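**Student:** any chance you can model this:
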Amino acid sequence: MKKIYLFIILLFISGTAFSQGFNSISASNPNNIIAAGNQGKLFWSNSGGSGWSSYVINSTVDYKSVTAAGSYYFLAGNSGKVYRTGINSVNLTEFNTNNSVPLNSVFFVDTLTGFACGNGGIIIKTTNGGMNWISSVLGAFTLNAVSFKDTQNGIAVGEGGRIFLTSNSGLNWTLQASVTNRNLLAVKYFSGGIIITGEYGIIITKNGSGSFQTVQSRTTSDILGIAGNFSSAHICGGGGFIRNNNNGSSNFFNFEINPMLADLVDICFPDSLNGYAVSSLNNAVIKTSNGGNSWSLTGGASVSMNWVPKLTTTGGIGNNLCLHPSDRNSVFVMYGNRVYASRNKGENWVQIATTSLGTAAHSFYVSPLDTNIWVAAIESSTDRVIRTTDYGVTWTTIVSRNFSNYGQPLEMDQNNPGIFYFAPDAGGFLKSTDNGATFSEISNSFPFRSPCDLIVMHDSSDILFVADGVTGSGLGDIYKSSNGGINWAKVHTNSSSSEIPSMCNTVFDKSVIYATNWSGGNIYRTTNYGDNWSLLRTNPNSGWASDICKEDPTVVLTGSYGSPTFLSTNSGANFSSYTSAGGAGAGMLVPERGYFLNMMTGGLYKLNIVYSVLTNLEEKIITGVPGNYSLYQNYPNPFNPSTTIRYDLPKPGTVRISVYDNLGREVRNITNEFRQAGAYEVSFDAGSLGSGIYYYKITAGNFSSTKKMVLIK
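**Tutor:** All right, here's what the predicted structure looks like:
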């Protein structure tokens, strides 16, 4: 028998947010799941994710795709080969496809008929379960995904928006009319139709014999996984969102609450209720057992979060964070009179400009129409709206009017980015229709006191909101305009505070807006387009900044006039507190579920998210099939704190190994999993136990044996 090394980890650890996770996951039934990653990594469970066995089989192979068919799993990766394993354990059979080109996707219609695709436009096919393969080359481009409805009808998608269909089991492939130039990353051919997803939020659907139609997903995040069925499909991607099209939501605007704050790269549903999803950034597998209504971490995984300083500076007072309009990795911030940029999602920052026209910016925007144009509201002897058209080299004063000491009085209309609004102190509401070059009063000097924030409703530029308040006044008001800022009506008054420092809304549900308040800790929310507001929560600190995640409205972040921040991942039902240093939380930006920026008055912070569980077991197959059951003496013995236990298993079956103290109490279950026949070594870490005499017992089939070991610390 070929020598194989298997590392069995019942509990797992992900390390930092940049550690490598998985590429694909598949489940043959709700209890049996396999996840595949780079460097030979495979996770397998036969307990619905309660426990996981982790294997490293051929560390030179990056497994890119795994699919279930009958009693088998099939895998493909960068080696150009296809691998098969049974559903009861992981022992890979390798199939040579006569191809060395990396394979990105594998799909089996049944246990005999399967297809895979990859780089160089290659598609390969087998009709005898992987023993033999025939190849087709569709062109000099990358194919990323393949799927079949039955043995005859299939689809392959890839680079540059290419879509190929076959109706004769891959004998011929027909290139379809282009609907996008974006790279397509995933596809599923359901009995009721086809769903394709790709980079920058691409969703394409085809209903039966209809044509391919693009879906307005309202996100620029990559969508990487598809599961379910055509009328009840789940898609995942970005920083960890899961969306579905239940109840006729053609835009997939139903968001599934889940604990993953990191990219999700694949998702599988073996039936209508049970589903699993994985990230490429950690080893945490998430699970649903109610059709996606809620998700949870499996295998005892946990998550920890902390704010990490990324830019130490001063003068942060308003919300001056601004995403680059076309580069997803770039973001800007203005502190005092200085502009900084990051090209790697807030990890590193460099100062790129300064202005002499003021001392402390409160609002800052980079124009989506021309990134050389920036518009800001900044404190000065008389406060100003300033503008540059040459990337911050020179600045011009556009309006001189005092505004709120703490607020963010300038807003760009995200629906029409050439339009800006400005709400100064002592009344009036100003509008620019020329990308901030000029402003005009449009409200007949409506008597606002000192507006702290203003927002525009997504897709409805006539609907605007102004949060108005004066420090010490005891009244914080919210006003609504339904005609583009000309007329205003008060829709909310908070008599227990002086200001409404921040409001946030979302493109996915125009009816929902959140608002913070100062000097109290109340969080208010409206669910009827701002007409009525209710108290959602009272935090222990006075509120300030807020944001709703740009790719998933179930994630809400609020700041405070101090260090704590409050995060909800379930649409505001619950919030968790995370402390940040650096003054007070003036501005926040949440572009993705795994990408949080907190603009404190004394520095910029990014949320670090780590998934981890203590790992305490490693197991190896060391020889072929033995003739008898055996349990050997551990070595070394005595030991501190680790020792190795060897056992022989002549027949496949469930193996249970437990450790007992001198009083006969079980103190550790080392393993209770199915194993193929073989000779095994288990590395046992007793670091959490005290010195003393212990006993380890194995039970396998009708065999049972116990031996003594001594732990000396």
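**Student:** pLDDT score for residue 43?
**Tutor:** Per-residue confidence at residue 43 stands at 89 (pLDDT).
**Student:** next helix or strand past the helix or strand containing it?
**Tutor:** Assigning secondary structure by DSSP states H and E places residue 43 in strand 41-45. Sequence order places strand 53-56 as the next helix or strand after strand 41-45, per DSSP H and E.
**Student:** buried sites along that next one?
**Tutor:** By neighbour count on 16 or more other C-beta atoms under 10 Å, the buried set for strand 53-56 is 53-55. In short, each C-beta sits where N, CA and C put it, glycine included.
**Student:** and stretch 151-167, by the same measure?
**Tutor:** 153-159, 161-166.
**Student:** end to end, how far does it reach?
**Tutor:** With C-alpha to C-alpha, to the nearest Å as the measure, stretch 151-167 spans 9 Å from end to end.
**Student:** report pLDDT for the nearest residue to residue 413 once chain neighbours are set aside.
**Tutor:** Nearest non-adjacent residue to residue 413, counting by C-beta to C-beta, 6 or more residues apart in numbering: residue 419, 4.0 Å away. pLDDT recorded at residue 419 is 98.
**Student:** please apply the same query to residue 519.
**Tutor:** 88.
**Student:** follow-up on the earlier one: so who does the residue nearest to residue 413 touch?
**Tutor:** Residues in contact with residue 419, defined by C-beta atoms under 8 Å, 6 or more residues apart in numbering, are 412-413, 431-433, 461.
**Student:** show me where this structure dips below the pLDDT cut-off.
**Tutor:** 1-19, 613-624 (pLDDT under 70).
**Student:** just give the closest residue to residue 423, not the sequence neighbours.
**Tutor:** residue 451 (3.7 Å).
**Student:** would you check that that neighbour makes contact with residue 402?
**Tutor:** No. Applying C-beta atoms under 8 Å, one finds residue 451 not in contact with residue 402, separated by 11.5 Å.
**Student:** domain ranges for this structure?
**Tutor:** The record's domain parsing of the chain by automatic domain parsing lists 24-300, 308-612, 626-711.
**Student:** for the last one, the distance to its chain's centre please.
**Tutor:** This points to domain 626-711. Counting by C-alpha atoms, centre = their mean, to the nearest Å, domain 626-711 is centred 39 Å from the centre of its parent chain.
**Student:** adjacent strands (with direction) for the helix or strand containing residue 578?
**Tutor:** Take DSSP H and E as the rule and residue 578 turns out to sit in strand 576-579. Strand pairing for strand 576-579, using DSSP bridges, gives strand 564-568 (antiparallel).
**Student:** please point out which parts of the strand it pairs with sit buried.
**Tutor:** 564-568.
**Student:** so what touches it?
**Tutor:** By C-beta under 8 Å, 6+ apart, strand 564-568 touches 305, 307, 523, 537, 539-541, 554-560, 574-580, 585, 588, 596, 598.
**Student:** which ones among those lie within strands?
**Tutor:** Residues of the contacts of strand 564-568 located in strands (DSSP state E): 305, 307, 523, 537, 556-560, 576-579, 585, 588, 596, 598.
**Student:** from these, keep the buried residues only.
**Tutor:** Neighbour counting by 16+ other C-beta under 10 Å classes 307, 523, 537, 556-560, 578, 585, 588, 596, 598 among the ones in strands among the contacts of strand 564-568 as buried.
**Student:** kindly format the C-alpha coordinates of stretch 181-196 as CSV.
**Tutor:** Extracted C-alpha coordinates of stretch 181-196, given in CSV (Å, rounded to 0.1, in the frame of the first residue of the first chain):
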residue,chain,number,x,y,z
ASN,A,181,-17.0,41.6,-20.4
ARG,A,182,-16.4,40.8,-16.7
ASN,A,183,-14.9,37.4,-15.7
LEU,A,184,-17.5,34.8,-14.9
LEU,A,185,-16.6,32.7,-11.8
ALA,A,186,-19.4,30.3,-11.0
VAL,A,187,-22.3,28.7,-12.8
LYS,A,188,-25.1,26.2,-12.0
TYR,A,189,-27.4,24.6,-14.6
PHE,A,190,-30.6,23.8,-12.7
SER,A,191,-33.6,22.0,-14.1
GLY,A,192,-35.5,25.3,-14.2
GLY,A,193,-32.7,27.5,-15.6
ILE,A,194,-29.2,28.7,-15.3
ILE,A,195,-27.5,31.1,-12.8
ILE,A,196,-24.1,32.6,-13.5
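**Student:** what are the buried residues along it?
**Tutor:** Under 16+ other C-beta under 10 Å, the buried positions of stretch 181-196 are 182-190, 193-196.
**Student:** likewise stretch 701-710?
**Tutor:** Buried residues in stretch 701-710, counting neighbours by 16+ other C-beta under 10 Å, are found at 703, 709.
**Student:** same check, this time on stretch 390-409
**Tutor:** Under 16+ other C-beta under 10 Å, the buried positions of stretch 390-409 are 392, 395, 398-399, 401-409.
**Student:** try stretch 47-64
**Tutor:** Within stretch 47-64, the residues scored as buried using 16+ other C-beta under 10 Å are 47-49, 51-55, 57-58, 61-64.
**Student:** show me the contacts for residue 108.
**Tutor:** Residue 108 neighbours (C-beta under 8 Å, 6+ apart): 67-69, 72, 74, 114-115.
**Student:** name the nearest residue to residue 259, sequence neighbours excluded.
**Tutor:** residue 297 (5.5 Å).
**Student:** residues in a beta bridge with the one you found, which ones?
**Tutor:** Beta-bridge partners, per DSSP bridges, of residue 297: residue 286.
**Student:** need the contact list for it.
**Tutor:** Here residue 297 is in contact with 259, 284-287, 303, 611 (C-beta under 8 Å, 6+ apart).
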